[in-house]
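J.: build me a structure from this.
(one chain, ligands or ions: 1)
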Amino acid sequence: MNYKVELIDLRARYAEERKKILKILDTTLKRGNLILTPELEDLENKISRYTGSKFCLGLNSGTDALMMSLWACGIKKNDEVITSSLSFVASAGSIAHLGAKPIFVDVNDDLNINPDLIESCITKKTKAILPVHWTGRMCDMDKISKIAKKHNLIIIEDAAQGMGSFYKGRHAGSYSKVAAFSAHPLKNLNGIGDSGFITTNSKDIYEKIKLYRNHGLAGRDVVKIFGVNSRMDVVNAQIIKFRLTKLKTIIKKRKMNVQLYKKYLKTNKVKIIPDKKYESNSYVMFITICENRDGLKKYLEKHKIQSLVYYGTPLHKHIASKQYNIKSNLKNSELLSSKVLALPHHQNIKKNDIIYVCKKINEFYEK
Ligand SMILES: *Cc1c(COP(=O)(O)O)cnc(C)c1O
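T.: Numbers count the residues shown, from 1 in each chain. Purely as a prediction, here's the structure:
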């Protein structure tokens, strides 16, 4: 499909950054040292400074970051970990990969885990809560922290979409023992391939993951534990370092996009989730709640506007979740997954494109 307006346009971004990216590639490849170099450490320090955490480690992906965070917190076979039922599969998959059981909790109308439903899901086996900051909007971390404290549970944030997100003035990752971030090409702070990182204030967690990401090697020939290979490569590290300097501007532009949508959408059939006073959403995605979602999506498609459903299937409804025999009813997740639609939204989108999208949406509901 040749779209007039794309959901996310990475080619436009490349066109903007081409010179700089090619220069980074050239200098990095000329140097020839590509794995676990001081350049990676430099990026880790810069991310720590940005997020206000003591430590950061660059990894292969956000999924690995989640898995290693859970592992480093001691999550193991038969433990239960509470998470949101409306997320990307990795939030649950990382729990399942350690042999633990994801316990899905229903979401609020803001698409984030409903903290008021968490306590009733806590059992003797519950070890941790894994809140997901969906679309870059942070969960209600005050309530979640209180519950975790009361029941002696660890919090691990799925901050895959949380770079540049704040809750009551504190950056994503500040409310947990360890937080997992993604630098996948579709996130706000992104590499040119898969990559991710963790942040933590715990030296112990930092040391564990540092070993684990690099085969458990404490020296060239000293294996302390059996680990994996999950290191952010230096080309990605250098590009992410460059893009970190632009992150504030990018988020500003993304917030402006949302303001434009608010201004030009003239229908009450498309609900824009309001921002709370104390949150600063980084708007990795712009997801709206639409009446007749599938009809609207088709109509936009006809007018060469790309939109995407994130996601039509809540996590507990996937084939992979059948093993858990989930009986609880997660009504809001099920209802909202039939209404969510992400609209074109990225830092290179033109104002006129947003106006065009709004016009077509208004038109669809007027008919
Ligand atoms: C992107 C994403 C992940 C996975 O990150 P990858 O870097 O793609 O492995 C996990 N959780 C959420 C909420 C995400 O959006």
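J.: tell me the contacts of residue 72?
T.: Going by C-beta atoms under 8 Å, 6 or more residues apart in numbering, residue 72 touches 178, 205, 208-209, 212. For glycine as for every other residue, the C-beta is placed from the backbone atoms N, C-alpha and C.
J.: and the pLDDT for it?
T.: pLDDT, residue 72: 98.
J.: quick revisit: out of the contacts of residue 72, list just those in helices.
T.: Residues of the contacts of residue 72 located in helices (DSSP state H): 205, 208-209, 212.
J.: is it possible to get JSON lines of those that adds distance to the ligand and neighbour count?
T.: Formatted as JSON lines, the ones in helices among the contacts of residue 72 follow (distance: C-beta to the nearest ligand atom, whole Å; neighbours: other C-beta atoms under 10 Å):
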{"residue": "205", "distance to the ligand": "19", "neighbour count": "22"}
{"residue": "208", "distance to the ligand": "20", "neighbour count": "22"}
{"residue": "209", "distance to the ligand": "15", "neighbour count": "26"}
{"residue": "212", "distance to the ligand": "16", "neighbour count": "22"}
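J.: I'd say residue 99 and residue 76 touch.
T.: Yes: between residue 99 and residue 76 there is a contact at 6.4 Å, judged by C-beta atoms under 8 Å.
J.: residues near residue 197, how many?
T.: Residue 197 has 32 neighbours, counted by other C-beta atoms under 10 Å.
J.: can you confirm it is in a strand?
T.: Yes: membership of residue 197 in a strand is supported by DSSP: H, G, I helix; E, B strand; the rest coil.
J.: give me the nearest residue to the residue in the chain that the ligand sits nearest to, chain neighbours excluded.
T.: Nearest residue of the chain to the ligand (C-beta to the nearest ligand atom) works out as residue 62 at 2.5 Å. The shortest distance from residue 62 to any non-neighbouring residue, by C-beta to C-beta, 6 or more residues apart in numbering, is to residue 182 (2.6 Å).
J.: dihedrals phi and psi, the one you found?
T.: phi -110, psi 140 (degrees, to the nearest 10).
J.: how many neighbouring residues does it have?
T.: Residue 182 has 31 nearby residues by other C-beta under 10 Å.
J.: buried sites along the longest helix along the chain?
T.: The longest helix of the chain (DSSP H) is helix 10-31. Neighbour-count burial for helix 10-31, with 16 or more other C-beta atoms under 10 Å as criterion, is recorded at 13, 21, 24, 28.
J.: one step back: surely the residue of the chain closest to the ligand meets residue 184?
T.: Yes: counting by C-beta under 8 Å, residue 184 is a contact partner of residue 62 at 6.2 Å.
J.: identify the contacts common to these two.
T.: 160, 196.
J.: where does the chain come near the ligand, residue by residue?
T.: 61-63, 87-88, 90-91, 132, 158, 160-161, 182, 184, 194, 196 (C-beta under 6 Å from any ligand atom).
J.: nearest to residue 351, out of these: which one, please.
T.: residue 161 (24.3 Å; C-beta to C-beta).
J.: so the closest one, which state does it fall into?
T.: Looking at residue 161 with three-state DSSP, the answer is coil.
J.: any regions of the stretch 1-150 of the chain where pLDDT drops low?
T.: Along the stretch 1-150 of the chain, segments meeting pLDDT under 70 are nowhere present.
J.: just the helices in it please.
T.: 10-31, 38-51, 62-72, 90-97, 141-150 (DSSP state H, counting those that start in this stretch).
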